[in-house]
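In: predicted structure and sequence below. I'll ask about it afterward.
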Amino acid sequence: MSPEDWLADSAPAGEPRRVPSGCATGGILDQAGRPIPGQMIANLMAAMHERSNGLGGGFAGYGIYPEMAQCYALHVMYDRDDHRQPVEQLLGNTTFLVRSERIYTRPTRGIGLAPDMWRYFLQVPPSNLGTLSEEDYVVRLVMRINQELHGAWVVSCGKNLGVFKGVGYPEDIANFFRLDEYKAYQWVGHGRFPTNTVAWWGGAHPFSLLGWTVVHNGEISSYGINRRYVEMYGYKCTLKTDTEVLVYLVDLIIRRQRLPWQALYAILAPPFWEQIERMSHPEKRRLYTALRQVYGSAMANGPFSIIIGHPEGMIGLTDRAKLRPLVAARQGDLFLLASEEAAIRAVLPQPESVWAPKAGFPAEGRLAAAAVMQP
């Protein structure tokens with residue numbers, strides 16, 4: 001069954017398939033590493049129901065597999081059961097497969113025909129690595145599955161991390177995947193309102209690679225050049241949605257090229273040239289000029305607000321004109337991001353502080369260095 005078939009069977013009756021603007025984003029982090037029930041992020045996203053239209057919802061949970069924390073957890077969707085065997089054969093030949101199991105779901109009104117969902121906990125034998133790092137080995141494996149093995153898509157592959165997503169409203173996807181049975185120290189959520197890409201299960205947000213997850217509201221009009229740029233480094237965009245390229249840019253710039261986070265912000269949402277020219281410090285002016293010149297093909301053009309999740313925290317960032325909304329809040333060790341303040345107050349009625357991050361400037365929450373989630 002093709003992605004278009006899933007769209008046809010899963011789209012809510014009577015609702016348009018392509019509509020302009022929208023999307024809901026949200027995230028919750030306990031900086032002390034304490035477990036957060038999955039129902040909390042489901043409630044936050046449900047408060048923004050009108051921002052999505054039932055054509056995509058999803059969640060990422062960090063710390064949900066403490067008993068398998070040293071294994072890469074691959075969440076894989078199959079459009080037919082007979083497409084599972086080639087993937088499992090590949091995993092068996094290239095990794096040490098610790099455990100495999102179906103991701104169990106519950107019948108949920110509003111969720112139509114769904115692909116078969118499996119998760120695999122695996123480790124990489126050092127003898128298989130050659131000159132590759134363990135992370136690069138896993139990335140190549142994921143790219144191979146997504147590009148070469150028909151009817152199979154890896155939706156997440158990080159350690160102690162899982163992505164649950166599909167075609168439906170976020171609160172329905174949460175119920176379908178039984179999110180109320182999971183706990184995580186960090187959750188990221190998304191409700192989709194597609195603009196110019198098809199709605200199918202693999203195209204829902206979050207997009208994930210290794211420990212990175214990205215949810216996005218807006219449109220990456222620079223997708224074409226961004227895609228060609230990451231493909232030079234071996235990434236393959238196969239999931240039919242512009243947001244996919246963002247998670248590959250994060251992996252490339254932060255993990256592989258080892259640039260600091262501030263450089264990533266300046267690359268994705270750089271100051272305008274006239275702002276750079278007016279910078280009073282020559283070193284700062286030279287730095288931003290160099291980043292724009294060297295990483296021009298990595299700039300995310302167009303209206304966007306994004307939330308980037310990673311094992312040590314969560315970041316919210318908007319385009320340099322802030323054409324899409326983003327609100328941040330704190331209360332004690334809790335750090336929250338959302339498209340609307342009302343969604344934050346739905347789960348945290350009296351936050352200590354609430355603010356709207358400036359255009360092109362990040363709002364960041366970091367896991368405390370000594371924080372360890374308790375099962």
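Out: Cool, got the structure.
In: so Val247 touches Val215, yeah?
Out: No: counting by CB atoms under 8 Å, Val247 sits too far from Val215 to count as a contact (9.9 Å). Just so you know, the C-beta spots here come from the backbone N, C-alpha and C atoms, and that holds for glycine as well.
In: which one's more surrounded, those two?
Out: Comparing Val247 with Val215 by neighbour count (other CB atoms under 10 Å), the higher total belongs to Val215, at 33 against 26.
In: which parts of the stretch 201-350 of the chain are strands?
Out: With strands called from DSSP state E, counting those that start in this stretch, the stretch 201-350 of the chain shows them at 207-209, 212-218, 304-310, 313-318, 327-331, 334-338.
In: to Tyr62, which of those strands lies closest?
Out: Evaluated with CB to CB, these place strand 304-310 nearest to Tyr62, the distance being 6.6 Å.
In: Pro125: neighbour count?
Out: Around Pro125 there are 12 other residues, counting by other CB under 10 Å.
In: quick revisit: what's the overlap in contacts for Val247 and Val215?
Out: Shared between the contact lists of Val247 and Val215 (criterion: CB atoms under 8 Å, 6 or more residues apart in numbering) are residues Phe207.
In: what's the following helix or strand after the longest helix along the chain?
Out: The single longest helix within the chain, with elements called by DSSP state H, is helix 134-148. In the C-terminal direction, the helix or strand that comes right after helix 134-148 (DSSP states H and E) is strand 152-156.
In: partners of that next one in the sheet?
Out: Each strand pairing with strand 152-156, determined using DSSP bridges, is listed with its direction: strand 72-78 (antiparallel).
In: now the strand it pairs with: average pLDDT?
Out: Throughout strand 72-78, pLDDT has a mean value of 97.
In: other residues contacting it?
Out: When contacts are defined by CB under 8 Å, 6+ apart, strand 72-78 is touched by residues 65, 84, 87, 91, 95, 103, 115-124, 138, 142, 145, 151-164, 201-202.
In: out of these, which sit inside helices?
Out: With helices taken from DSSP H, the overlap with these comprises 84, 87, 91, 138, 142, 145.
In: with distance to Asn196, pLDDT and neighbour count as extra columns, can I get the residues you listed in CSV?
Out: Below are those laid out as CSV (distance: CB to CB, whole Å; pLDDT from 0 to 100; neighbours: other CB atoms under 10 Å):
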residue, distance to Asn196, pLDDT, neighbour count
Arg84, 32, 95, 18
Val87, 30, 97, 21
Leu91, 34, 97, 18
Val138, 31, 98, 23
Val142, 26, 97, 23
Ile145, 26, 97, 20
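In: so for the closest residue in space to Phe164 that isn't next to it in sequence, what's the pLDDT?
Out: Once flanking residues are discounted, Phe164 sits nearest to Phe177: 4.0 Å by CB to CB, 6 or more residues apart in numbering. According to the prediction, Phe177 has pLDDT 98.
In: hang on, Phe177 packs against Arg119?
Out: No: look at Phe177 against Arg119 with CB under 8 Å: they stay out of range, at 11.3 Å.
In: between the two, which is the more surrounded one?
Out: Looking at Phe177 and Arg119 with other CB under 10 Å, you find the greater number of neighbours at Phe177, namely 29 against 18.
In: ok, the nearest residue to Pro311 once chain neighbours are set aside to Ile225 distance?
Out: Using CB to CB, 6+ apart and skipping residues adjacent in sequence, the residue nearest Pro311 is Gly211, 4.6 Å away. Distance check for Gly211 against Ile225: by CB to CB, to the nearest Å, it reads 26 Å.
In: settle it for me: which of the two has more neighbours?
Out: Taking neighbours as other CB under 10 Å, Gly211 and Ile225 compare with Gly211 leading, 21 against 14.
In: and the more buried one, what does it touch?
Out: By CB under 8 Å, 6+ apart, the contact set of Gly211 is 158-159, 161, 310-311.
In: swap in Phe361?
Out: Applying CB under 8 Å, 6+ apart, one finds that Phe361 lies in contact with 265, 317.
In: and if you look at the one 5 residues further on?
Out: With CB under 8 Å, 6+ apart as the criterion, the residues that contact Arg366 are 31, 312-313.
In: selecting buried members of the residues you listed in ChimeraX, what would you type?
Out: For anyone working in ChimeraX, the buried entries among the contacts of Arg366, judged by 16 or more other CB atoms under 10 Å, can be selected with:
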select :31,312,313
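In: thinking again about what came up before, any idea how far the longest helix of the chain is from the middle of the chain?
Out: Taking the mean C-alpha point of helix 134-148 and that of its whole chain, the gap between them comes to 17 Å (CA atoms, centre = their mean, to the nearest Å).
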